[in-house]
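Chemist: Got a predicted structure plus its sequence, pasted below:
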Amino acid sequence: MSTQIGPRSRKVRVLATLGPASGSPEMIRKLFLAGADAFRINMSHGAHADKIPLVQAIRALEKELGRVTTILFDLQGPKLRVGRFAEGKVMLETGQPFTLDRSKEPGDATRVELPHKEIFAALEVGARLLLDDGKMVLRVLSVAPDKVETRVEVGGVLSNNKGLNVPDVVVPMAALTEKDRADLSFALEQGADWIALSFVQRPEDVAEARRLVGGKAAILAKIEKPAAVERLEEILELADGVMVARGDLGVELPPQRVPIVQKYVVATARRMGRPVVVATQMLESMIVSPTPTRAEVSDVATAIYDGADAVMLSAESAAGAWPEELVAMMDHIAVAVEADPGYAARLHFTETLPDSTTADALSQAAKEIARTIGATAIICFTLSGSSARRIARDRPSVPLLVLTPKLETARRLGLLWGVHAVRTRDVSNFEEMVAKAKRMVLRHHLARASDRIVIMAGVPFGKPGSTNMLHVQRLTGKELEGYQG
């Protein structure tokens, strides 16, 4: 490896979406060096063949720079849409009646096709239907097996195949379409580290995805529907992490509710020890401008103060004019927030109580010991990554260096707050563990002479789920030989 990139100077992770503006190997490299810790590949756009070069570029960069890098494939999920109009579009007047039916005849100002039979079975009188990202609102007056009569509450121009949202009911529709299943199979073939699951309404949606994934990747449930918010804890029990997908949430919820839901999802995920990503429109103005608005900077900072594991860039990095500057700005905001003397107090406003397990008790103790003795790093040996997730949940004040022999584990940890994961050979005894911890913490410039470190591992070594040991080690000047510079 020609160059080795050490840990970031910040704890929150940056997830950047790749697209037309950022799909070249040169730009992917620039984004990584500017601060991107993980990359999102959006399966809503483009063919499978378009995605292969992105994966190859990321893996080549990983090899060149000596740092494992995380790839998230984001599945599209079902897209609910109305049919087509004879004239291409119609004007819906507020107060007028409007019918949605199963007829494939082109629509007019009185009716249009609704091609999703599942919606007819789920709708109830009084439910809302949102059209074109919520620009128009219909209120259901009556429901029949093949016809829904509504009244237009908010009118506007409705054109062919515009999107439909149904916020007030659970639609009996699987979260994975046939396209999603094909995309999922492709993503796993490409070695995806995370799969983001759209249209999650209930825990069963996650269970189905988990069955199909078969342990080959971690699952990130996108929280974008009110039904998912209501069953958040059940969903978190089955998912490996969650994303606050504020775009769709902002359509199905009143705008003033979105910040409240965001804080609830972040806090709940943290309490349950699951990584949480805050996404959508974080630095939206930088699609066309080299600098963000002050309100956008404040928005990003709020997510970081709340303790989100990662903040995500969507269209900004995929299709914007300033992708490199954008990632650098996200990095600058994060570094500034984490340097705030009041950051730690705000970060720990959410209480993360340990479960009654040895691993949880040791994880909490590692954080407290590091703080009490002024240790410069926590080193965690893990196979599955569960020990690292436990420590990260407690948001320790020092860097967390995670050592694992499993490359897939190291890559999946790339969305976790404060974690710098390194793939390295496993250890077989206590002396080897201590020696390796000292070598690696020095190699990655996380300690100096006379510093103390906290080591967490499990005995017997090499056995998953056996975390049962903490050890404090002081580094000596002799150990620094060969690690200067």
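Modeler: That came in fine, so what should we check first? Numbering: from 1, shown residues only.
Chemist: What number of residues are in the vicinity of the closest residue in space to residue 19 that isn't next to it in sequence?
Modeler: Spatial nearest neighbour of residue 19, excluding adjacent residues (CB to CB, 6 or more residues apart in numbering): residue 318 at 2.7 Å. The way it works is simple: take the backbone N, C-alpha and C, and place the C-beta from them, glycine included. Residues lying near residue 318 (other CB atoms under 10 Å) number 21.
Chemist: name the helices or strands packed onto the strand or helix carrying residue 318?
Modeler: For residue 318, the host element (DSSP states H and E) is helix 315-319. Other helices and strands packing on helix 315-319, by 3 or more CB pairs under 8 Å, 6 or more residues apart in numbering; DSSP states H and E, are strand 13-18, helix 323-338.
Chemist: From the rest of the structure, what touches stretch 435-449?
Modeler: 6-7, 376-377, 379, 381, 399, 401, 403, 420, 422, 424, 427, 453, 455, 473, 475-477, 479-480, 483 (CB atoms under 8 Å, 6 or more residues apart in numbering).
Chemist: Looking at the chain, which helix is longest?
Modeler: helix 48-65 (DSSP state H).
Chemist: So for that one, mean pLDDT?
Modeler: For helix 48-65, mean pLDDT rounds to 97.
Chemist: again, but for stretch 334-354
Modeler: Stretch 334-354 comes out at a mean pLDDT of 92.
Chemist: next one: stretch 165-176
Modeler: 91.
Chemist: Kindly report the same for stretch 96-112.
Modeler: 96.
Chemist: pull the CA atoms of that stretch into PDB?
Modeler: As requested, the backbone C-alpha atoms of stretch 96-112 are provided in PDB (Å, rounded to 0.1, in the frame of the first residue of the first chain):
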ATOM      1  CA  GLN A  96     -63.900  19.500  -6.300                       C
ATOM      2  CA  PRO A  97     -64.600  15.700  -6.300                       C
ATOM      3  CA  PHE A  98     -62.000  13.400  -7.800                       C
ATOM      4  CA  THR A  99     -62.000   9.700  -8.400                       C
ATOM      5  CA  LEU A 100     -59.200   7.100  -8.300                       C
ATOM      6  CA  ASP A 101     -60.200   3.800 -10.000                       C
ATOM      7  CA  ARG A 102     -58.800   0.700 -11.600                       C
ATOM      8  CA  SER A 103     -59.700   1.700 -15.200                       C
ATOM      9  CA  LYS A 104     -56.700   2.000 -17.500                       C
ATOM     10  CA  GLU A 105     -58.500   4.600 -19.600                       C
ATOM     11  CA  PRO A 106     -56.600   7.900 -19.700                       C
ATOM     12  CA  GLY A 107     -57.700  10.300 -17.000                       C
ATOM     13  CA  ASP A 108     -59.300  13.700 -17.000                       C
ATOM     14  CA  ALA A 109     -60.200  16.400 -14.500                       C
ATOM     15  CA  THR A 110     -62.700  14.000 -12.800                       C
ATOM     16  CA  ARG A 111     -60.800  10.800 -12.500                       C
ATOM     17  CA  VAL A 112     -57.500   8.900 -13.100                       C
END
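Chemist: Now do it: distance to the chain's middle.
Modeler: Put simply, stretch 96-112 sits 39 Å off its chain's centre (CA atoms, centre = their mean, to the nearest Å).
Chemist: Next up, identify which helix or strand the residue nearest the centre of the chain is on.
Modeler: For the chain, the residue nearest the mean C-alpha position is residue 277 (3.7 Å; CA atoms, centre = their mean). Remark: residue 277 resides in strand 276-279, with elements defined by DSSP H and E.
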